[in-house]
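Trainee: Kindly generate the corresponding structure for this input.
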Amino acid sequence: MNQIKIFIGNDHAALEYKNILLEFCKKKNYQIDDKGTFTNQSCDYNDYAVNVCNEVIKSNGIGILICGSGVGISMMANKVKGIRCGQVNDYDSTLKAIEIGCNVISFGARTVGIEIAKQIVDTFLSNYSKMENNGVEKEISTIEEENYKK
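Mentor: Next up is the predicted model:
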């Protein structure tokens with residue numbers, strides 16, 4: 001069975017959330033490659049967003065990004081060609097992110113409760129391969145090619 005590769009990344013504000021979510025995912029038999037950060041020392045989310053997104057592109061996988069609000073890490077992720085990161089905050093927005101072709105989601109450890117965060121992650125991981133994006137990916141790729149020209 002060919003399983004989708006899953007990557008997770010965070011900044012210092014989301015370290016505790018990430019660790020709780022990794023334990024939650026382990027119990028559900030999801031194998032997730034943790035790209036850090038691994039300490040609560042102040043750090044820049046940009047590096048972790050780009051690292052996760054590069055791995056997603058390289059492996060045709062999916063990613064989960066967490067920072068304080070989910071906003072900054074999402075913006076940085078969307079600067080990586082081929083990434084379609086949607087900032088989500090509940091079950092419905094997570095399903096919508098999958099439906100419109102997001103290969104990465106983000107949310108905030110300071111804005112989303114941990115039980116909702118668990119629901120978001122479980123929804124993303126359990127539904128990602130089941131949803132079809134109805135040609136959205138091709139449309140996004142076309143726009144990307146136009147706008148990423150050098």
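Trainee: tell me the SS of residue 43?
Mentor: At residue 43 the chain is in coil, as set by DSSP: H, G, I helix; E, B strand; the rest coil.
Trainee: check contacts around it.
Mentor: Residue 43 sits next to 11, 12, 37 when contact means CB atoms under 8 Å, 6 or more residues apart in numbering. Yep, even glycine has a C-beta here, placed from its N, CA and C like the rest.
Trainee: most surrounded residue in the residues you listed?
Mentor: For these, neighbours were counted using other CB atoms under 10 Å, and residue 11 has the most, 25 neighbours in all.
Trainee: quick one, strands of the protein?
Mentor: Assigned by DSSP state E, the strands in the chain fall at 6-10, 32-34, 62-67, 85-87, 104-108.
Trainee: Let's have the ones you listed in JSON lines, adding mean neighbour count, mean pLDDT and distance to residue 74.
Mentor: Written out in JSON lines, the entries for the strands of the chain read as follows (neighbours: other CB atoms under 10 Å; pLDDT from 0 to 100; distance: least, CB to CB, whole Å):
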{"stretch": "strand 6-10", "mean neighbour count": "25", "mean pLDDT": "97", "distance to residue 74": "12"}
{"stretch": "strand 32-34", "mean neighbour count": "16", "mean pLDDT": "97", "distance to residue 74": "19"}
{"stretch": "strand 62-67", "mean neighbour count": "28", "mean pLDDT": "97", "distance to residue 74": "7"}
{"stretch": "strand 85-87", "mean neighbour count": "24", "mean pLDDT": "97", "distance to residue 74": "4"}
{"stretch": "strand 104-108", "mean neighbour count": "28", "mean pLDDT": "98", "distance to residue 74": "4"}
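Trainee: Noted, bye for now.
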